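> return a 3D structure for these sequence lines:
(one chain, ligands or ions: 1)
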Amino acid sequence: MKKPVELIFELSKPGRKAYSLPACDVPEASEKIPEKFARKADARLPEVFEVDVVRHFTRLSQLNYAVDIGFYPLGSCTMKYNPKVNEVVSRLPGFLRIHPYQPEEMVQGALKLIYDLEKMLCEITGMERATLQPAAGAHGELTGLMIIKTALEHRGEGHRNKIIIPDSAHGTNPASASMVGYEVVEVKSDERGNVDVEDLKKLMSGEVAGIMLTNPNTLGLFEERIDEISKIIHDAGGLLYYDGANLNANLGKARPGDMGFDVVHLNLHKTFSTPHGGGGPGSGPIAVTKELVPFLPAPLVEYDGNRYYLNYDRPSSIGRVRSFYGNFNVMIKAYAYILTMGPEGLREVAECSVLSANYLMKRLRDYFDLPYDRWCKHEFVISGNRQKKSKGVTTLDMVKRLIDYGFHPPAVYFPLIVPEAMMVEPTETESLETLDAFAESLIAIAKEAEENPQLVKESPKTTPVTRLDEVTAAKRPIVKWEFES
Ligand SMILES: *Cc1c(COP(=O)(O)O)cnc(C)c1O
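Predicted coordinates for the structure are as follows:
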């Protein structure tokens, strides 16, 4: 029987070749490779024809799911369609071929782009200035918390050693806080899915450095008492950190700066037209209030009315957090995206992404448990608890079945406060037909869970491999061919 994926080593036959090299046209080196470094036996490489190589890699590429293939409703990690024009722009030779060591005079265009993008992001977030150095969201969190720490030290408040984080938060938040040396204190969520303000008041003390919040939070819900929370933290001498990894719902509608936040990170690779997954590249700019500007990483790009330049003269800066300019290619795409959308277009992103999420939530609410029954923002969380209790079919089973229906699963088992959570983020780039097809698939799966639970538990059926041991796959990945001998 034909195996679903034939690996290139399995196709190997001695003597087959996929290359032809021209004859050597330079003299052979007089020095031979020293004996101890020389290979004793030929390298064990697959021997195949060129067409085998092409088919091997093309087949592998077709096993990947991607947002360019279908709907990718991954809550808390906005996976939206990113217009191809931004990719094209980011590869213009004038951008692509510059070298980070080129003198400022030769890269005025690149510096202007960084300068203008910083201004745009400050406008969008309601902040004073920003650094584009951090290479990802978590890197931005680390940078932002270092700024908070340094700012408090400058106030003579360096003893503050606690950061408050809600129990619904993204896992990178507590991880970043402890990397900076803070003790993480968890604040509970209330029954509406907001920060429990009474619990927060109890946690306040002279040791609190600040709070990290996501708004809308990871339940997709807007923090209804954000003004009050901001006052509580500021009155106690702390600072507010905003996790803006997924800004879709707020674009042109609500600004972290106006909510009272002091530091904001953005994920250009979620909201601003860079696809993500597979480890990068990303960009996690940090924007801050006027008070915190002195502590931003050096250098910042400045304009003297005549030319753009890198300003290293920043005595209170936390220092550099990334080599050269950061991930410049991602910045170009964000710049092109913001320019092509314009203020009205960005506002429409917010409106459509919120509308799509509420539409899907309403379509699914009768078939799954809905732990927080309110209007959502760009995403919502449903629970597979009903199916688990009834027939022992878990959320994991149901989202694996979704693969058979042609969809990428939503984020699952997160946030941690919702048992059997499914976190769905449709984004603004999907048509009504796609949203309907997704809703109908999940509804069909809910029915299957009742009538034929075994089918759901044994899914997916349509993929080359079915259920993997995900822990072993992550901890002990086998990334190279092992010879049997
Ligand atoms: C994705 C995400 C992060 C982390 O961003 P990375 O670029 O993956 O480091 C932080 N917070 C939230 C809410 C996120 O969705």
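> ok, residue 67 - how many residues close by?
18 (other C-beta atoms under 10 Å). (Glycine included, C-beta is placed from N, CA and C.)
> do I have it right that it meets residue 83?
No. The criterion here is C-beta atoms under 8 Å, and residue 67 misses it with residue 83 at 11.9 Å.
> against the ligand, how distant is the residue nearest to the spatial centre of the chain?
Computing the C-alpha centroid of the chain and ranking residues by C-alpha atoms, centre = their mean puts residue 77 first, at 4.9 Å. Applying C-beta to the nearest ligand atom, to the nearest Å, the value for residue 77 to the ligand is 5 Å.
> show me what contacts that residue?
Neighbour list for residue 77: 245, 246, 270, 276, 411, 425 [criterion: C-beta atoms under 8 Å, 6 or more residues apart in numbering].
> also residue 143?
131, 133, 134, 265, 284, 286, 297, 318, 321.
> what about the nearest residue to the fifth one once chain neighbours are set aside, how many residues nearby?
Spelled out, that is residue 284. The shortest distance from residue 284 to any non-neighbouring residue, by C-beta to C-beta, 6 or more residues apart in numbering, is to residue 140 (3.1 Å). Per other C-beta under 10 Å, the neighbour tally for residue 140 reads 32.
> next: the one 10 residues further on.
A total of 18 residues lie near residue 150 under the criterion other C-beta under 10 Å.
> neighbours of the nearest residue to residue 100 once chain neighbours are set aside, how many?
Leaving aside its sequence neighbours, residue 100 sits nearest to residue 324 (C-beta to C-beta, 6+ apart; 3.8 Å). Residues near residue 324, counting by other C-beta under 10 Å, number 11.
> what helix or strand is residue 324 located in?
According to DSSP states H and E, residue 324 maps onto no helix or strand at all.
> surely residue 326 and residue 283 touch.
Yes. Using C-beta under 8 Å, residue 326 is in contact with residue 283, at 6.2 Å.
> now the common contact residues for the two.
Counting by C-beta under 8 Å, 6+ apart, the residues touching both residue 326 and residue 283 are 132, 134, 135.
> tell me which residues touch the last one, please.
Going by C-beta under 8 Å, 6+ apart, residue 135 touches 280, 281, 282, 283, 284, 322, 326, 327.
> got a list of what the last one touches?
Read that as residue 327. Residue 327 neighbours (C-beta under 8 Å, 6+ apart): 135, 280, 281, 282, 283.
> and with 7 Å instead?
The contact partners of residue 327, taken as C-beta atoms under 7 Å, 6 or more residues apart in numbering, are 135, 281, 282, 283.
> again with the third one
Residues in contact with residue 282, defined by C-beta under 7 Å, 6+ apart, are 135, 136, 137, 267, 269, 274, 276, 327, 330.
> so which of the residues you listed sit within helices?
In helices, defined here by DSSP state H, the members of these are 137, 269, 330.
> so which of the shared contacts of residue 326 and residue 283 is the closest to residue 187?
residue 134 (25.4 Å; C-beta to C-beta).
> can you get me a residue count around the closest one?
Around residue 134 there are 27 residues (other C-beta under 10 Å).
> for it, give me its contacts.
Here residue 134 is in contact with 140, 143, 284, 285, 286, 321, 322, 326 (criterion: C-beta under 7 Å, 6+ apart).
> tell me which of the residues you listed is nearest to the ligand?
residue 284 (5.7 Å; C-beta to the nearest ligand atom).
> the closest one contacts residue 269, doesn't it?
No. At 8.1 Å, residue 284 does not count as touching residue 269 under the criterion of C-beta atoms under 7 Å.
> those two - which one has more neighbours?
Neighbour totals were compared for residue 284 and residue 269, and residue 284 leads with 31 against 27 (other C-beta under 10 Å).
> per-residue pLDDT, whichever residue of the chain sits closest to the ligand?
Closest residue of the chain to the ligand, C-beta to the nearest ligand atom: residue 137 (2.2 Å). What the model reports as pLDDT for residue 137 is 96.
> and what of residue 278?
With respect to pLDDT, residue 278 has a value of 68.
> what does the one 5 residues further on give?
With respect to pLDDT, residue 283 has a value of 97.
> show me what contacts it?
By C-beta under 7 Å, 6+ apart, the contact set of residue 283 is 132, 135, 268, 269, 326, 327, 330, 331.
> of the shared contacts of residue 326 and residue 283, closest to residue 47?
For the shared contacts of residue 326 and residue 283, the residue nearest residue 47 by C-beta to C-beta is residue 135; the value is 39.9 Å.
> against residue 176, how distant is the closest one?
14 Å (C-beta to C-beta, to the nearest Å).
> ok, and which of the contacts of residue 327 reach the ligand?
residue 282 (C-beta under 6 Å from any ligand atom).
> one step back: in a markdown table: the contacts of residue 282, plus distance to residue 154.
Shown next, in a markdown table, are the contacts of residue 282 (distance: C-beta to C-beta, whole Å):
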| residue | distance to residue 154 |
| --- | --- |
| 135 | 26 |
| 136 | 27 |
| 137 | 26 |
| 267 | 28 |
| 269 | 32 |
| 274 | 34 |
| 276 | 35 |
| 327 | 29 |
| 330 | 31 |
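> my guess is residue 296 contacts residue 288, does it?
Yes. Contact status for residue 296 versus residue 288: in contact at 6.3 Å, counting by C-beta under 7 Å.
> rewinding a little: distance to the ligand added to the contacts of residue 143, as TSV?
Shown next, in TSV, are those (distance: C-beta to the nearest ligand atom, whole Å):
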residue	distance to the ligand
131	15
133	14
134	9
265	8
284	6
286	13
297	17
318	19
321	13
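> now, of those residues, which are buried?
The neighbour-count test (16 or more other C-beta atoms under 10 Å) marks 131, 133, 134, 265, 284, 286, 297, 318, 321 as buried among the contacts of residue 143.
> name the SS class of residue 381, please.
Secondary structure assignment for residue 381 (DSSP: H, G, I helix; E, B strand; the rest coil): strand.
> look at it and say how many residues are nearby.
Residue 381: 29 neighbours (other C-beta under 10 Å).
> for residue 39, same thing?
7.
> for residue 419, same thing?
13.
> can you tell me how far it sits from residue 264?
With C-beta to C-beta as the criterion, residue 419 and residue 264 are 31 Å apart.
> gap between the two ends of stretch 69-89?
22 Å (C-alpha to C-alpha, to the nearest Å).
> and it, how far out from the chain middle?
Offset of stretch 69-89 from its chain centre (C-alpha atoms, centre = their mean, to the nearest Å): 11 Å.
> as a whole number, average confidence for that stretch?
94.
> okay if I get the buried ones among the contacts of residue 143 as TSV plus secondary structure?
Listed next are these as TSV, based on three-state DSSP:
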residue	secondary structure
131	strand
133	coil
134	coil
265	strand
284	coil
286	strand
297	coil
318	coil
321	coil
